Structures are given as C-alpha cells and as structure tokens.
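Enquirer: structure, please.
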Amino acid sequence: MTTPLPGGTSGRYDVLGRLDTDYYAVFADIPAADREVWERAQGFVDEIGDRMRDAWDAADYPLDIAERFGRLDLLNDGIDHPRLTHFSPLAAGLVNMEVSRGDGSLGTVLAVQGGLALRTLALFGSEAQQERWLLPVARFEVPAAFALTEPDHGSDSVSLETVARRDGDDWVLRGEKKWIGNGASGGITFVWARIDADGDEHHGAVRCFLVEQDRPGYTGTVIAGKGSLRGIHQAHIALDDVRLPADAVLPGTRTFKDASTVLYATRSGVAWSALGHATACYETALQYAQQRIQFGKPLARFQMVQERLAHMLEDLTAMQLYCRRLADLEAAGGLRPTQASLAKFHNTRAARRVAAIARDLLGGNGILLENGVMQHMADIEAIHTYEGTESVQALLLGRDITGVSAFA
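Expert: Sure, this is the predicted structure:
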C-alpha cells in the first residue's frame, strides 16, 4: 500500500450536489402538477450531467441528449396550443431554471428549440405547417432554429437586411444570419426577412419563412472558438438565393412586431435561466466552503467567507422572488413585456455577481471545469447578452417609466 505524500490529498471536492436552496420558501407551495414537471427536469439533469460537462469541454453538441430532452416532453416552454402539453408559467420557469442549473447549453437548447422556434410555429404557422412540424419540433425529432440576428444587426435587428423576393409563385431568400442555435443541425430554420416585392401588400415589412436546411443555397456553418455555451452549436447562415414555395411563409407574421412578441415571451425564460446558473454557483460555493480546509479549519468558519455567502444568498433570493412573481403575473394574464425585461435585466446582472464571488471563493479550484463554476460563469455571459442586451433592456425600461424613447 502506497503511503500518501505530504500535501498530496486528492484535492477533489463533492460540490455539484443539489441543495434545493429556497431561503424564503418561494417554491414551497407550488402545485403538485408543476412539481412533477420540475422533478422530471431534475431527473434529466442528473442523468446527463457528466456527459454535458464533457461535451462543453470538447465543444461538442450531443444531439441525442437534446432528443432525450424532447422525448421527456420538457421543451414546450409554457406555449399554449391544443397539440402541445400545457405547462403553467411556473412549471415552464422551473424547467428553465433546473436545466440551466445543470448545464447552460441545454438551457439554450430549450430557449432555441422551444422558446423561439416552437413558439414561432405555434403562434404564427399555418394549419398545414403546424400539422407537419409542431410535434416533431416539440419532441426534438427535428432540430429547429430561429434566424433573426445578422452579422451587422444584433440589438438593432429591426434593421435586418435579409430579403425575400418574389419569382413567379416562389419566394427567393437572400442574406446572412449569425449566432443561430441549431442553424447547422440538419433540421428547419425560421428565417425572418424583409419583403422586397413591388405590388405585394407586405412590401417593406418583415415576415418569417420556414426553411428546410437541405434547401439549395442554404449553408449553415458552425461558429468555432466560443468561450460560452460550448455544448450547443450556433451557426453563421448564408442564404444564397434560397428558393421556397409560396406556402413557406408563416401567414401569421406580418410585421417585425411579431418577432418581438416571441422575444418578449422568452425574456422570462432568460430570467429563470440566470436563476439556475446562480443557484448552481451558490450551492457549489457553499459546499466547497464546508469541505475545503485552510489554516486548520473549513473555509465556512471564516467571517469573510460567511459574509460572501450571505451576499450571494441575498442576490439568489431576490432572483427567486422576481421569477415567482413573473410566473404569477403571466398566469393571471397581466405580465407586461417591460416587466419581463426588468427580470431579465436584474437576474443576469445578479447571476454575474454570484458567479464572480463563487469563482473567487473557490480560489484556484474555481477555474476547474470539474467544479462547475467556471462553466456557469462563462455561460452567464451569453445569456446576459442574448434576447436583448443589458443596454437594450435599460432603454425599454427607461421608455416605459418616463414615456420618452431614448433609442437612437
């Protein structure tokens, strides 16, 4: 038997366990149906956690795990449609939170496949489009993408330059899109484009088109070199005269406001996702502080560490209260878009603070992927930006509270 070397303990810590932190009992009274959905999401996260950590490290997108997500019927994101299993806003939020607590890339799978693509189809698709695609998208039998952002138009996506022209009875799409989750995964893409067709009643307006990714002229290239959300692929899409039949347009889309409707709905999901990331970081830091021995005692016995944990809990509890109130407002039919903006604005900023304290508290071990915090810290940077940057949310809120627009 080998004698351990001085100072040669394993240096490994059991810090990834779920602690169910809920200091104000925010989720103590949730209905049984919502709790069942939440527990299903917890089981899914526990099942795939190790593989997703490896996938994040390798910048690999394991589509079979995304398909498992769909088979568990967890991708519906609270969308109200007769063909879909209905989740309450609270259940949908808890799924978002739990999945992001486990892995941010899977949180983005939910945001893209369910929150953006499935919602677009459910709200604006024709009966024929929904009959063919709705359930396959909900089950992740077909990967689906939402293509709005362009290389030169992110926050100012209202200025998009991708165009759709008429050629006989067909539509022809030309332009580029960037940062499109699932855009190179072999499924379908909902492409938002400006109508350039003299005589068409929608000339100059923005509409959405359902594009199968094997169409000639459609090229999706996976964006390499990401330092965030490495377990899902985002694509740079080129639309080089992609020809589509007349019925490829989603008939319910008539203006850019329709795209905004989808984005507003997903901002609540981002707030919940940020809560999931922050929960993971706080619980990792707490468990590490209880296990890590320095100067002859656990870190948890040091005053500075307890103060840091208290600051993290302060932010985490506020995030939980924001999210629960969001769900209650939405369930009552009274959620305004700017209220979702405020929750997204607050929660991603708070998640950044929690992650930064956790990384610092873990010291050098904080940068190891095996301890989770560094991955969450990197992934929070993506959700802080997508579905509307901090500056855009601030301007939306500023316009709402002052009655004056400060958008350039």
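Enquirer: ok, now how distant is residue 64 from residue 98?
Expert: 20 Å (Cβ to Cβ, to the nearest Å). Every residue, glycine included, has its C-beta placed from N, CA and C.
Enquirer: more neighbours: these two, which one.
Expert: residue 98 (26 against 10; other Cβ atoms under 10 Å).
Enquirer: I'd say that one and residue 41 touch.
Expert: Yes - at 4.1 Å, residue 98 and residue 41 qualify as touching, with contact defined as Cβ atoms under 8 Å.
Enquirer: buried sites along the longest helix seen in the chain?
Expert: Using DSSP state H to define each element, the chain has its longest helix at helix 256-291. The neighbour-count check on helix 256-291 (16 or more other Cβ atoms under 10 Å) flags 256, 258-289 as buried.
Enquirer: again with stretch 382-395
Expert: Going by 16+ other Cβ under 10 Å, stretch 382-395 has these buried residues: 382-388, 392-393, 395.
Enquirer: okay, helices next: where are they in the stretch 201-350 of the chain?
Expert: For the stretch 201-350 of the chain, the helices defined by DSSP state H, counting those that start in this stretch occupy 256-291, 303-331, 337-361.
Enquirer: low-confidence regions, the stretch 301-408 of the chain specifically.
Expert: Judged by pLDDT under 70, the stretch 301-408 of the chain has no weakly predicted residues.
Enquirer: do you know how far the closest residue to residue 321 other than its chain neighbours is from residue 151?
Expert: Leaving aside its sequence neighbours, residue 321 sits nearest to residue 26 (Cβ to Cβ, 6 or more residues apart in numbering; 6.1 Å). Distance of residue 26 to residue 151, computed by Cβ to Cβ: 41 Å.
Enquirer: where does the chain dip in pLDDT?
Expert: 1-2, 8-10.
Enquirer: ok, residue 14 - contacts?
Expert: 287, 291 (Cβ atoms under 8 Å, 6 or more residues apart in numbering).
Enquirer: would you mind measuring from it to residue 394?
Expert: For residue 14 relative to residue 394 (Cβ to Cβ), the value is 40 Å.
Enquirer: list the residues that contact residue 140.
Expert: Contacts of residue 140 (Cβ under 8 Å, 6+ apart): 66-67, 69-71, 75, 113.
Enquirer: also residue 372?
Expert: So residue 372 contacts 15-16, 53, 280-281, 284 (Cβ under 8 Å, 6+ apart).
Enquirer: nearest residue to residue 355 in space, please, no chain neighbours.
Expert: residue 377 (4.1 Å).
Enquirer: doesn't residue 278 make contact with that neighbour?
Expert: No - using Cβ under 8 Å, residue 377 makes no contact with residue 278, being 10.5 Å away.
Enquirer: a markdown table for the helices of the stretch 201-350 of the chain, including distance to residue 129?
Expert: As requested, the helices of the stretch 201-350 of the chain are exported to a markdown table (distance: least, Cβ to Cβ, whole Å):
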| stretch | distance to residue 129 |
| --- | --- |
| helix 256-291 | 15 |
| helix 303-331 | 26 |
| helix 337-361 | 26 |
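Enquirer: between these, which gets nearest to residue 400?
Expert: helix 337-361 (4.3 Å; Cβ to Cβ).
Enquirer: and residue 26 and residue 151? Which one has more around it.
Expert: The neighbour count for residue 26 versus residue 151, taken as other Cβ under 10 Å, is higher for residue 26 (16 against 13).
Enquirer: isn't that one up against residue 318?
Expert: No - in this structure, residue 26 is not within contact of residue 318 by Cβ under 8 Å, at 10.3 Å.
Enquirer: is the closest residue to residue 167 other than its chain neighbours bridged to anything, and to what?
Expert: Excluding its sequence neighbours, the residue lying closest to residue 167 (Cβ to Cβ, 6+ apart) is residue 243, at 7.3 Å. Here residue 243 sits in beta bridges with residue 172, as judged by DSSP bridges.
Enquirer: is there a neighbour count for residue 243? I'd like the number.
Expert: 14.
Enquirer: return the distance of it relative to residue 235.
Expert: 20 Å.
Enquirer: over to residue 14?
Expert: Taken as Cβ to Cβ, the span from residue 14 to residue 235 is 37 Å.
Enquirer: residue 55 too?
Expert: Taking Cβ to Cβ, one finds residue 55 at 17 Å from residue 235.
Enquirer: okay, these two: which has more neighbours?
Expert: Ranked by neighbour count (other Cβ under 10 Å), residue 55 and residue 235 place residue 235 first, with 23 against 20.
Enquirer: just list whatever residues bridge to that one.
Expert: residue 180, residue 222.
Enquirer: before we move on, the earlier item: what sits against the residue nearest to residue 167?
Expert: So residue 243 contacts 167, 170-172, 215-217 (Cβ under 8 Å, 6+ apart).
Enquirer: want to throw those residues into CSV with distance to residue 45?
Expert: Shown next, in CSV, are the contacts of residue 243 (distance: Cβ to Cβ, whole Å):
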residue, distance to residue 45
167, 48
170, 44
171, 41
172, 43
215, 35
216, 40
217, 39
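Enquirer: which of these fall within strands?
Expert: Using DSSP state E, the subset of the contacts of residue 243 located in strands is 167, 170-172.
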